[in-house]
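Student: Here you go, sequence then predicted model.
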Amino acid sequence: MTTLEFVVAAAVLLCVSGVPALMLPARSLLGQRTTTVLVLTGSIMGLLGSVPALVGASAAGGLRLPWFLPQGQGAIGIDALSAFFLVLIFVVPALGSIYGLEYWKQGEHSGNGRKLGLFYGILAGSMALVVVARNGFLFMIVWEVMAMAAFFAATAEDDNPEVRNAGWVYLIATHVGTLCLLAMFALWKSASGSFQFELAPAMPQAVAGIIFVLALVGFGFKAGIMPLHVWLPGAHANAPSHVSAVMSGVMLKMGVYGIIRMTALLPLPSTWWGSTTLIVGAVTGLAGIAFAISQNDIKRMLAYSSIENIGIIMMGIGLALLGRAMGRVDWMLLGMGGALLHVWNHGLFKSLLFLNAGAIIHAQGTREIDRMGGLARSLPLLAALFAVGAVAISALPPLNGFVSEWLIYLGLFGTLGLDGGPGFPVAATAAVFLAMIGSLAVATFVKLLGTVFLGSPRRSGPDAEHRGHALSVMMTGPMIALAITCLAIGLVPALFIPAVERAAYGWMPATASGQALLVLAPVRWLGLAGVGLVALIAMMVLVSRIMLRGKNVRRGPTWDCGYARPSARMQYTGSSLGQSIVGLFSVLLRPRTAPPLISGAMPTATAFESQVPDTVLDKAVVPVFSFLGLQLPRIRFMQQGKLNLYLLYIVVITALLFIFGSMGVRP
């Protein structure tokens, strides 16, 4: 079998992986285990096909398929760019499937376990088909399958009103994006002469610009760029945690893939393409992390953090587009290389954090950060794995997030023109936004790590620290694998850079050559520095253990600020830790507070409450849809249920089209 055949067979196997479980009883563990085995088998087959294409061990392949649809032929293919995304598609869902054996036991979720397994597999398989599709018709078909599979997987607990509401918001948003993509492909067909994904011939710059904008908006809905992100926090927060890991770690990247693929096919871009994408990325990254630090729901916080990381990826793509417009191979390679590596990195550490969040919710029985605390004592391995993910997502050495952001930094600083070549100094200001995003990310995950794992439990009772959900190897194993991968990319980045470079050159024009990513970004020194840092930390831990050996170490409560009888409620909460930063961004975040009401000589019990709603969803989208919901029924009189009236509508519209056509107007 060729590499492409391996990938297609793997995608089909993933899509049907949940079918055998439908034939077995709803509480059957055999059905769930069969589904997991099929997912793992399909993922291994997919890696056998995608890895050789990525490292250059096999040539890129393509296949034309005759079909019954009227436009062109069905076409599939694999190149280094597709293979790069396929690796992530075949790794994260496989680990999530193993995790789900313990996290979402079918015996405990008989009402939705089989449904979740079915659509989880379809989601993974359809994403693989998305990145190998080479025809606009086929692409939209598998794109819609992916969108619907994600809807049914994310709304597994559809008996919960909050889950249903989040699902409807997702469904509306994803189909608004789909409408933009339909317009994009229609214009692509008009300009290029076919729906095939082939290098476009010369086309008017204005037409190419419109296609670019439609791609940015249509795929931006799926990627979650601001302000098109409205579906993302609710869907990720309410989905099962291993589904959240796949949606955040992988599915968002399908939007990124679409933008990269379409910009690779379009002719030479104008500089405003890159500038626009840089601005969109900077705003998305800064706004995403600002919303993240203001959240009290652990999964909503991670969801907004995903928006931030999509912003970082978009900044890298913007730099690459700018380099392509100005003929700078180094900008293209550093920008696209940093963006692609961050696609991998975010997929790994965000999946780790979402799986970790699921284990935390199992242990604490809540998603509210302010009700957690002290979990490091009862679950130290979980705390260590979360710390790895937190350091990685904060772009701190020696983990993988630092490497990809460093590539983007190098490219942005290169736009200053200090090397004697043509510069674009305005783009260098994006580095300032990237630095702000990084510092806020550190603050966000210091808040999250400290509130959840340190201090004392914020609830009283025998189940304050741990509710009895033992973390089996099925849950910890996938997290350990993800943590090791994050550490590997951070410590030996030179091992992964050739694959990144090959995928980046798959996007760049054929005339771009002569540059090597390992020369532009000497990441070997980063690896050596990371190894040294790990050795230093290990030595400090060893020395501290030796010094404390044989000594009586007394454990006490968290610093009590001088109170004689402190309680867990006196600790800093997550909300209080982030309050000052929320205040700095109050114009954007629009926080709502309900201060305590104290009156009389003997005041009654009261409380303080603070909420940060999604500004775009609550202040713009919901009011617009509420207005439409009130106004649209007024035109319901047109729907009479009479066939003769509907035929009259058709005749009138046809007559108008003939009139417009005779006047030379093309609708």
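Tutor: That came in fine, so what should we check first? None of these values were measured; they are calculated from a predicted model.

Student: Now the element after the lengthiest helix in the chain, going C-ward?
Tutor: Secondary structure of the chain per DSSP state H: the longest helix is helix 329-364. For helix 329-364, the succeeding helix or strand toward the C-terminus, using DSSP states H and E, is helix 375-378.

Student: just how off-centre is that next one within its chain?
Tutor: 29 Å (Cα atoms, centre = their mean, to the nearest Å).

Student: Stretch 91-110 too?
Tutor: 20 Å.

Student: residues of it that come out buried?
Tutor: Along stretch 91-110, these residues count as buried under the neighbour rule (16 or more other Cβ atoms under 10 Å): 91-104, 106, 109. Where C-beta positions appear, they are placed from N, C-alpha and C, glycine not excepted.

Student: Among the residues you listed, name the ones in helices.
Tutor: Using DSSP H, the buried residues of stretch 91-110 in helices are 91-103.

Student: I'd say residue 385 and residue 476 touch.
Tutor: Yes - if you go by Cβ atoms under 8 Å, residue 385 and residue 476 touch, sitting 7.5 Å apart.

Student: ok, the ones in helices among the buried residues of stretch 91-110 vs residue 524, which is closest?
Tutor: Set against residue 524, the nearest of those by Cβ to Cβ is residue 91 (25.0 Å).

Student: For residue 39, see how far away that closest one is.
Tutor: Using Cβ to Cβ, to the nearest Å, we find residue 91 at a distance of 12 Å from residue 39.

Student: Find residues that contact each of these two.
Tutor: By Cβ atoms under 8 Å, 6 or more residues apart in numbering, residue 91 and residue 39 have no common neighbours.

Student: Identify the residue spatially nearest to residue 577, adjacent ones excluded.
Tutor: residue 447 (4.4 Å; Cβ to Cβ, 6 or more residues apart in numbering).

Student: What's the first helix or strand after the helix or strand residue 40 falls within?
Tutor: Counting by DSSP H and E, the element that carries residue 40 is helix 29-55. Next helix or strand after helix 29-55 toward the C-terminus (DSSP H and E): strand 61-65.

Student: Excluding its own residues, what touches that next one? List them.
Tutor: 2-4, 53, 73-78, 134.

Student: Which segments of this structure make up each domain?
Tutor: Taking automatic domain parsing as the reference, the chain has its domains at 268-458+473-543+572-591, 617-662.

Student: residue ranges with poor pLDDT in the stretch 551-667 of the chain?
Tutor: Along the stretch 551-667 of the chain, segments meeting pLDDT under 70 span 556-566, 568, 664-667.

Student: correct me, but residue 83 touches residue 503?
Tutor: Yes - if you go by Cβ under 8 Å, residue 83 and residue 503 touch, sitting 7.4 Å apart.

Student: Can you check which residues contact both of those two?
Tutor: Taking Cβ under 8 Å, 6+ apart as the criterion, residue 83 and residue 503 both touch residue 54.

Student: who has more neighbours, those two?
Tutor: Using other Cβ atoms under 10 Å, the more surrounded residue of residue 83 and residue 503 is residue 83, with 29 against 25.

Student: element containing that one, please.
Tutor: Taking DSSP H and E as the criterion, residue 83 maps to helix 80-103.

Student: Going C-terminal from that helix, what's the next secondary structure element?
Tutor: Assigned by DSSP H and E, the successor of helix 80-103 is helix 113-132.

Student: This structure: strands as residue ranges?
Tutor: Per DSSP state E, the chain carries strands over the ranges 61-65, 74-78, 592-594, 609-611.

Student: If you count neighbours, what's buried in the second one?
Tutor: The neighbour-count check on strand 74-78 (16+ other Cβ under 10 Å) flags 74-78 as buried.

Student: cool, stretch 440-458 as well?
Tutor: 440-445, 447-449, 451-453, 455-458.

Student: from these, which is closest to residue 267?
Tutor: residue 441 (36.6 Å).

Student: and the nearest residue to the closest one once chain neighbours are set aside, how many neighbours?
Tutor: Spatial nearest neighbour of residue 441, chain neighbours left out: residue 394 (4.8 Å); criterion: Cβ to Cβ, 6+ apart. By other Cβ under 10 Å, the residues close to residue 394 number 23.

Student: Quick one: residues contacting residue 394.
Tutor: Residue 394 neighbours (Cβ under 8 Å, 6+ apart): 401, 438, 441-442, 445.

Student: quick one: it and residue 257, what's the gap?
Tutor: Counting by Cβ to Cβ - residue 394 and residue 257 are separated by 25 Å.

Student: hmm, back to that, compare the strands of the chain and give me the one nearest residue 174.
Tutor: With Cβ to Cβ as the measure, strand 74-78 is the member of the strands of the chain nearest residue 174 (23.1 Å).

Student: Report the distance from the closest one to the chain centre.
Tutor: 25 Å.

Student: tilt between it and strand 61-65?
Tutor: Between strand 74-78 and strand 61-65, the angle comes out at 170 degrees (axes from the mean of the first three to the mean of the last three Cα atoms, to 10 degrees).

Student: what helices or strands is strand 74-78 leaning on?
Tutor: The contact analysis (3 or more Cβ pairs under 8 Å, 6 or more residues apart in numbering; DSSP states H and E) places strand 74-78 against helix 3-15, helix 29-55, strand 61-65, helix 113-132, helix 136-154.

Student: export the fourth one as PDB, just CAs?
Tutor: These are the backbone C-alpha positions of helix 113-132, laid out as PDB (Å, rounded to 0.1, in the frame of the first residue of the first chain):
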ATOM      1  CA  GLY A 113     -21.500   6.100  25.700                       C
ATOM      2  CA  ARG A 114     -22.100   4.400  22.400                       C
ATOM      3  CA  LYS A 115     -23.100   7.700  20.700                       C
ATOM      4  CA  LEU A 116     -20.000   9.400  22.000                       C
ATOM      5  CA  GLY A 117     -17.700   6.600  20.800                       C
ATOM      6  CA  LEU A 118     -19.300   6.700  17.300                       C
ATOM      7  CA  PHE A 119     -19.000  10.400  16.700                       C
ATOM      8  CA  TYR A 120     -15.600  10.600  18.400                       C
ATOM      9  CA  GLY A 121     -14.200   8.200  15.700                       C
ATOM     10  CA  ILE A 122     -16.100  10.000  12.900                       C
ATOM     11  CA  LEU A 123     -14.600  13.300  14.100                       C
ATOM     12  CA  ALA A 124     -11.000  11.900  14.000                       C
ATOM     13  CA  GLY A 125     -11.500  10.200  10.600                       C
ATOM     14  CA  SER A 126     -13.100  13.200   9.000                       C
ATOM     15  CA  MET A 127     -10.300  15.500  10.100                       C
ATOM     16  CA  ALA A 128      -7.900  13.200   8.300                       C
ATOM     17  CA  LEU A 129     -10.000  13.300   5.100                       C
ATOM     18  CA  VAL A 130     -10.100  17.100   5.300                       C
ATOM     19  CA  VAL A 131      -6.300  17.500   5.000                       C
ATOM     20  CA  VAL A 132      -6.000  15.000   2.100                       C
END
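
Student: Just the mean pLDDT for it, thanks.
Tutor: For helix 113-132, the mean per-residue pLDDT is 94.

Student: same check, this time on the second one
Tutor: Per-residue pLDDT values over helix 29-55 give a mean of 93.

Student: just how off-centre is that helix within its chain?
Tutor: Worked out by Cα atoms, centre = their mean, helix 29-55 lies 21 Å from the chain centre.

Student: How about stretch 219-228?
Tutor: Averaged C-alpha coordinates place stretch 219-228 at 10 Å from its chain's average position (Cα atoms, centre = their mean).

Student: same deal with stretch 329-343?
Tutor: 18 Å.

Student: One more: stretch 448-458?
Tutor: 26 Å.

Student: who's in contact with that stretch?
Tutor: The contact list for stretch 448-458, computed with Cβ under 8 Å, 6+ apart, reads 298, 301, 360, 369-376, 382-383, 386-387, 390, 464-465, 557-558, 568-569, 571-574, 577.
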